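Engineer: Got a predicted structure here, sequence first:
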Amino acid sequence: MITIKELEKFITGKTGDKGFGIDEGRIFGLTKERFEKVVVCWMATVEAIEFAVKNNADTIICHESLFLPYNAPLKFFQESQKDFMSWSTNAKRIQLLARNNIGVIRVHGNMDKFTILDAYIKQLDLGKIAHRNDEKFYRIVEFPPVKLEKMALKIKNKLKLERVLVIGEKNKKVSRGGLIWGGLGLFCNIDFIESMISLECNVLIGGESDEYAMQYIKDSGVSAIITSHMLSENEGIKVFSRILAEEFKNKLKVLYFENILPYSQL
Ligand SMILES: [Fe+2]
Ligand SMILES: [Fe+2]
């Protein structure tokens with residue numbers, strides 16, 4: 001068994017943060033502070049919770065928000081709709097968690113800094129990191145000039161995706177890539193996108209994006225390769241689960257649950 005405090009101390013010891021962020025730590029359940037069998041996953045979806053139930057886990061450590069609206073319990077972001085816990089998916093997740101006495105702990109920015117970003121760069125074999133800033137979540141990679149199309153196909157293969165979205169002239173050569181992994185390519189994170197552009201990246205590598213942001217990127221003249229939010233983070237979450245299992249090997253059982261895309265393509 002370990003405590004949430006022990007978990008926090010271990011993770012922030014690696015990232016250098018003072019403690020868990022405002023959106024991290026216990027999100028749901030756990031009358032006690034101790035836990036002994038965890039499922040680590042990208043998001044505590046209904047499938048992930050069912051996996052935890054089947055495996056008698058007492059806790060889920062996830063990277064993403066358990067409820068929508070995003071970060072609903074936090075007035076820091078906005079006043080939440082008062083009935084958000086009764087919303088369809090939220091209620092279903094709550095019911096499954098409560099019925100099976102499973103707690104949820106979220107590790108967000110600290111997991112990005114600890115494993116997710118670097119694991120994604122390694123998974124895509126993107127070359128050497130030319131610029132990094134942990135506090136701002138920046139990673140910029142440099143590589144010999146390569147056609148955008150070739151780079152996009154390489155990423156598509158590495159992630160075993162059915163498709164990637166490409167912004168920019170496919171024959172144009174790119175050589176300096178700014179990582180906009182996870183959801184940082186969405187228009188709600190346009191300031192992050194802009195910071196990558198201002199740091200002279202000629203290609204942005206996602207992560208997911210939406211048409212608002214993709215149009216903005218296109219007009220800027222910078223190229224981009226858009227993949228998937230979940231699949232750009234899964235590898236780092238798997239790495240995190242392995243490190244956690246190793247660190248607490250006599251005290252904690254760790255199972256990794258791989259979230260899969262919530263849609264199919266026709
Ligand atoms: Fe993330
Ligand atoms: Fe994310």
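Structural biologist: In hand now; what should we look at? Numbers count the residues shown, from 1 in each chain. Ligands and ions are numbered 1, 2, ... in the order given.
Engineer: just so I have it, where are all the helices in this structure?
Structural biologist: Taking DSSP state H as the test, the helices found in the chain are 4-15, 46-54, 88-99, 109-111, 117-124, 148-158, 190-198, 211-220, 229-247.
Engineer: And for residue 248, the neighbour number?
Structural biologist: Per other C-beta atoms under 10 Å, the neighbour tally for residue 248 reads 18. (Each C-beta comes from the backbone N, C-alpha and C, glycine too.)
Engineer: give me phi/psi at it?
Structural biologist: For residue 248, the backbone dihedrals (degrees, to the nearest 10) come out as phi -110, psi 40.
Engineer: and the nearest residue to it once chain neighbours are set aside, bridged to which residues?
Structural biologist: Spatially, and ignoring its direct neighbours in sequence, residue 248 is nearest to residue 2 (5.5 Å; C-beta to C-beta, 6 or more residues apart in numbering). Per DSSP bridges, the residues bridged to residue 2 are residue 35.
Engineer: And stretch 20-39, what's buried?
Structural biologist: Residues 20, 23, 24, 25, 27, 28, 29, 30, 35, 37, 38, 39 are the ones in stretch 20-39 that count as buried (16 or more other C-beta atoms under 10 Å).
Engineer: about what we covered before: list just the one of the helices of the chain that sits closest to ligand 2.
Structural biologist: helix 229-247 (5.3 Å; C-beta to the ion).
Engineer: could you say what helices and strands that closest one packs with?
Structural biologist: For helix 229-247, the packing partners by 3 or more C-beta pairs under 8 Å, 6 or more residues apart in numbering; DSSP states H and E come out as strand 37-41, helix 109-111, helix 117-124, strand 253-256.
Engineer: For the last one, report the contacting residues that lie outside it.
Structural biologist: Strand 253-256 is touched from outside by 36-41, 51, 55, 57, 237-238, 241-242, 244-245, 248, with contacts defined as C-beta atoms under 8 Å, 6 or more residues apart in numbering.
Engineer: The second one too?
Structural biologist: By C-beta under 8 Å, 6+ apart, the list of residues contacting helix 109-111 from outside reads 11-12, 15, 17, 20-21, 23-24, 63, 137, 236-237, 240.
Engineer: what do you get if the cut-off is 6 Å, keeping everything else the same?
Structural biologist: 11, 15, 17, 21, 63, 240 (C-beta atoms under 6 Å, 6 or more residues apart in numbering).
Engineer: Find the residue closest to the third one in space, skipping its chain neighbours.
Structural biologist: When you say that, I think you mean residue 17. Nearest one to residue 17, counting by C-beta to C-beta, 6+ apart, is residue 110 at 5.8 Å.
Engineer: where's the one you found relative to ligand 1, distance?
Structural biologist: 10 Å (C-beta to the ion, to the nearest Å).
Engineer: can you check residue 33 too?
Structural biologist: 25 Å.
Engineer: what's the answer for residue 173, then?
Structural biologist: Taking C-beta to the ion, one finds residue 173 at 29 Å from ligand 1.
Engineer: Residues of the stretch 101-250 of the chain that sit close to ligand 1?
Structural biologist: For the stretch 101-250 of the chain, the contact set with ligand 1 under C-beta under 5 Å from the ion comprises 112, 182.
Engineer: what does the model give the residue nearest to residue 248 for pLDDT?
Structural biologist: Note for residue 2: predicted pLDDT of 96.
Engineer: Now for it, how many residues are close by?
Structural biologist: Neighbour number of residue 2 under other C-beta under 10 Å is 19.
Engineer: gap between it and ligand 2?
Structural biologist: 25 Å.
Engineer: now residue 21
Structural biologist: Per C-beta to the ion, residue 21 is found 13 Å from ligand 2.
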